[in-house]
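1. Any chance you could fold what I've pasted below:
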Amino acid sequence: MNNCDTSVKPDCQSMRPADPWRHFPVAMGYVPWQNLHTLYEPDKALQVGTIFPELNKPFEGRRIGC
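-> Numbering: from 1, shown residues only. Sure thing, here's the model as predicted:
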C-alpha cells in the first residue's frame, strides 16, 4: 500500500525545468596565502580603497570604444 498522499504535495521533480548544468562537476576555488605586513595611513587608505598596500592593484586597462 502506498502511504504517500500525492494530492497534498505535488511531485517537485516534474515541476522543475531541466537543469543543463547537472552533469558538470562542482568547481574548486584556490586562493593563495596573503602575507600582509604594512598598513596605509587612514587618509591614504580611503584614497586607494584598501588599508593594505599589497592589495592596492589599480586598474590600468584601457577604455574600449570611442
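
2. For this protein, name the helix or strand with the lowest mean pLDDT.
-> When the helices and strands of the chain are compared on mean pLDDT, DSSP states H and E, helix 12-15 comes out lowest with a mean of 62.

3. hey, where'd the helices end up in the chain?
-> Applying DSSP state H to the chain gives helices spanning 12-15, 42-48.

4. which residues of this protein score low on pLDDT?
-> Counting by pLDDT under 70, the low-confidence segments of the chain come to 1-16, 63-66.

5. let's see 50
-> Along the chain, no part satisfies pLDDT under 50.

6. How many residues are close by Val31?
-> Neighbourhood size, Val31 [other C-beta atoms under 10 Å]: 5. Any C-beta I mention is one placed from the backbone N, CA and C, and that applies to glycine too.

7. Same check on Phe52?
-> Using other C-beta under 10 Å, Phe52 is surrounded by 14 other residues.
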